[in-house]
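Novice: Output the structure for:
(chains A and B)
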Amino acid sequence: MKVYLDNNATTMVDPLVVEEMMPFFSDIYGNPNSLHKFGTASHPAIAKAIDRVYKAVNARDSDDIVFTSCATESNNWVLKSIYRDYIVNGDKNHIITTEVEHPSVYSACKALEEDGVKVTYLPVNSQGIVEAHVVKSFITDKTALVSIMWASNETGMINPIKEIGEICKERGVLFHSDAVQAVGKIPVDLQDIHVDFLSMSAHKFHGPKGIGALYIKNSQPLSPLLNGGEHMGGRRSGTLNVPYIVAMGKAIELATENIEEKMASIRAKRDRLEDALLELSDTFVIGDREHRTPNTILISIKGVEGEGMLWDLNNGQIGASTGSACASEDLQANTVMLAIGADNELAHTGIRLSLSRFTTDSEIDYAITHFKKSVERLRAISSSFAKVGPTPGGESKECELHFH
Amino acid sequence: MAKNDLLGASLWDAYSNKVTTLMNNPNHQGEITEAEALSHGNKLIVADFGAESCGDAVRLYWEVDPKTDIIVNSKFKSFGCGTAIASSDIMTELCIGKKVQEAVKITNIDVEFALRDSPEIPAVPPQKMHCSVMAYDVIKKAASLYLGVDSESFEEEIIVCECARVSLKTLQEVIRLNDLTTIEQITDYTKAGGFCKSCIRPGGHEKREYYLVDILADTRREMDEEKMKAAADAGGSGSFEAMTLVQKIKAIDAVVDENVRQFLIMDGGNMEVIDVKTSDEYIDVYIRYLGACNGCASSATGTLYAIEATLKEKLSKKIRVLPI
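Specialist: Okay, the predicted model is just below:
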């Protein structure tokens, strides 16, 4: 059996999505900007896709939702345009973000620092959450933008976006949220919360890779990142990627309709998996379940280095993920875990398991069995576990890390 | 950057078959107890190296025959990634049957080499070389415990790049002999800095006592100082070609003052040295005529020939004089 538990990295494309996008590769292939019927034939489908995306996040007609190539483009677009529109030519020079953002925000901010922008990287609490009062305390008259992810790709922890949005609105500061890990996993209602910009990506909710979108509230000015033709109302040039736009529309509709029901089903499987893994001694799960996306577990297994565990899971046909040092180029410990306050040892043991609505009960059963077997094998080899042995009683618990 | 770099290879694809086999089924994992060693009349050595906080730690067990100093059995435990497990396993195997004094000569290069499927292809990707280094370090630790000496005593040289086992002395020599100016050149010549890259500059995955950037800067500075001193000595001994630019200009001016200028002044003219450029073939002296010499018909013929001939005779046959 093959079990894919790396859905925060990417998801399989829903067969219904594939079915809907296919004609736009072959039968309806015209350039939508052409005047003839070959081009205009795709217009109804594009309009439908746009409607579906607006509906999925409850955007108003006066808002813009512009298709991009991915969330990395959306995130870079916001940050670089804010720099150009508000920082270089204005009297504001400050951006607030967090220590745990996706590299498309974090690295873009680092690049802007080289251009003279002041960036505050906010810490997270022991749950991995950015607290609203912390955001409030760092906003100054010079702050142009606050950019905070809705949910973490590593931990699944959900930030208090509603409270942060209110604070930004009160202070007249633009607010961007990278909602890549939120859309399709938890309800995202843009009439319920205040954001000026919101990034999303289709391949995180069973759409194809290479298509994303940026929500821009009520025609906020935002200069284009890509200049060229007048595509997407002049917001984003480049010939429309019709099959992928159609696919994103279908995927977001499937992911968000009856989302509470879907969440409950995924959550039940996730909790069953988590409960079973926590039966192992000396295991920790980062963050409480209440504030976590319903599909994510970031578990630390004492004495078991992350890449070794990933290797064993892979041998058992289980795909998972680790931010552990030895699985990456720079050999540093998982920065998100360090930001949470985990010590270096813990940060070398994290394994991320992320489910989707396609994950089945029998896959969970298989994963539990194989995971336990792998832990047993690697702990038998482990020098760390040999020295300390299991803690008396071998109790498992939610991670009790302290912010530092 | 080039075509082959556009798609980053999977880390695991770069592991040799031996590495993957030993990751899955290490032959020597486990522990040896004191009682077990004693029952064979042997001595048990247990050495730890690394730390869980660094993501890598290994414990090495040796059962040593005290009469022969031969390691008759060896096992390991490892908190680490798959390559750490494989490196520890092969390291353990390399130790068995050797005298402690021989085992301590096993380096991380030997460990990595033993993990290769073919001699030409590395067993692990560059960033994984540190796992084999740890295997080497724990051997030194075990040997120091058995022999009752400091583990530092096994290292005759200061090793800067642990992955490629390149010493400080070697690096300094290679930089000098080949006039190296970049880290990339050092890596091409010695392989130092080509693996985990921690030794290149601070900020890598582990702190190092010496960094290539500092060694290069220090050695280049020493080379420049030595060159300057040699030039100064050369100036003193009259070797024109070895002089620094300033010394050359001074020497040319001195020759012009002594042998040329007076004749130019007599005719209401003069000259000044503007620049000196040196190539393998020529030393070009750029001059400017002043006063009556400027525009004089012989300034490009007889006068120029006389100035050049004088400088050639007094300083170097490579001199060409070029009026501007």
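Novice: When you work out contacts or count neighbours from here on, use the C-alpha atoms and nothing else.
Specialist: Fine.
Novice: which SS state does the residue positioned nearest the centre of chain A fall under?
Specialist: Among the residues of chain A, the one closest to the centroid is A:Q181, at 2.8 Å (CA atoms, centre = their mean). Following DSSP: H, G, I helix; E, B strand; the rest coil, A:Q181 is assigned to coil.
Novice: Check what pLDDT the residue nearest to it when sequence neighbours are not counted gets.
Specialist: In this structure, A:Q181 finds its nearest non-sequential neighbour in A:A151, 5.5 Å apart by CA to CA, 6 or more residues apart in numbering or on different chains. pLDDT for A:A151: 96.
Novice: what's the answer for A:T143, then?
Specialist: Here the pLDDT value assigned to A:T143 is 96.
Novice: quick one: stretch B:215-226 to chain centroid distance?
Specialist: Its chain's average C-alpha position is 13 Å from that of stretch B:215-226, according to CA atoms, centre = their mean, to the nearest Å.
Novice: Point out where the stretch 201-324 of chain B drops to low pLDDT.
Specialist: Residues of the stretch 201-324 of chain B that meet the criterion pLDDT under 70 lie in B:205, B:234-238.
Novice: can you give me the strands in it?
Specialist: B:269-278, B:283-291, B:319-323 (DSSP state E, counting those that start in this stretch).
Novice: Tell me which other helices or strands the lengthiest helix in chain B touches.
Specialist: Secondary structure of chain B per DSSP state H: the longest helix is helix B:212-237. Under the contact criterion of 3 or more CA pairs under 8 Å, 6 or more residues apart in numbering or on different chains; DSSP states H and E, helix B:212-237 touches helix B:168-178, helix B:183-190.
Novice: and of those helices, who's closest to A:L225?
Specialist: helix B:183-190 (35.7 Å; CA to CA).
Novice: Now do the contacts for residue 261.
Specialist: In the absence of a named chain, chain A is used. Taking CA atoms under 8 Å, 6 or more residues apart in numbering or on different chains as the contact definition, A:E261 lies against nothing.
Novice: my question was about chain B
Specialist: Applying CA under 8 Å, 6+ apart, the residues near B:R261 are B:N270, B:M271.
Novice: how does chain A divide into domains?
Specialist: A:15-256, A:259-381 (automatic domain parsing).
Novice: swap in chain B?
Specialist: With the TED database as the criterion, the domains of chain B are listed as B:1-156, B:158-237, B:240-323.
Novice: Just the mean pLDDT for the first one, thanks.
Specialist: This means domain B:1-156. On average, domain B:1-156 scores 88.
Novice: Against B:D275, how distant is the spatially most central residue of chain B?
Specialist: Ranked by distance to the mean C-alpha position of chain B (CA atoms, centre = their mean), the top residue is B:L171 at 3.5 Å. Distance check for B:L171 against B:D275: by CA to CA, to the nearest Å, it reads 37 Å.
Novice: any low-confidence regions in chain A?
Specialist: For chain A (pLDDT under 70), the answer is A:323-335, A:337, A:341-346, A:386-404.
Novice: Break down it into its helices, ranges please.
Specialist: Counting by DSSP H, the helices of chain A are A:15-21, A:37-40, A:43-57, A:71-82, A:103-114, A:132-138, A:161-171, A:242-256, A:259-278, A:306-315, A:335-340, A:344-347, A:361-381, A:383-388.
Novice: confidence score at the residue nearest to the centre of chain B?
Specialist: For B:L171, pLDDT reads 92.
Novice: now the one 5 residues further on
Specialist: Reported pLDDT at B:R176 in the predicted model: 90.
Novice: What is the neighbour count of it?
Specialist: 16 (other CA atoms under 10 Å in any protein chain shown).
Novice: Please report the distance of it from chain A.
Specialist: 31 Å (CA to the nearest CA, to the nearest Å).
Novice: if we look at stretch B:100-115, which residues are touching it?
Specialist: B:16, B:18-19, B:69-71, B:86-87, B:90-91, B:94-95, B:119, B:122-124, B:129, B:132-136, B:139-140, B:143, B:146, B:154, B:162-165.
Novice: Among the residues you listed, which are located in strands?
Specialist: Among the contacts of stretch B:100-115, DSSP state E puts B:I70, B:I71 in strands.
Novice: Type out the ChimeraX command that picks the buried ones from the contacts of stretch B:100-115.
Specialist: Of the contacts of stretch B:100-115, the buried ones go into a single ChimeraX selection, burial set by 16 or more other CA atoms under 10 Å in any protein chain shown:
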select /B:16,18,19,69,70,71,86,87,90,91,94,95,122,123,124,129,132,133,134,135,136,139,140,143,146,162,163,164,165
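Novice: Of the contacts of stretch B:100-115, which belong to helices?
Specialist: B:18-19, B:86-87, B:90-91, B:94-95, B:129, B:132-136, B:139-140, B:143, B:146.
Novice: quick one: B:T33 and chain A, what's the gap?
Specialist: 13 Å.
Novice: Please report phi then psi for that residue.
Specialist: Here the main-chain torsion angles of B:T33 (degrees, to the nearest 10) amount to phi -90, psi 160.
Novice: same thing with B:A192?
Specialist: Per degrees, to the nearest 10, the backbone of B:A192 is at phi -60, psi 140.
Novice: Kindly report the same for B:I32.
Specialist: Residue torsions, per degrees, to the nearest 10, at B:I32 are phi -120, psi 130.
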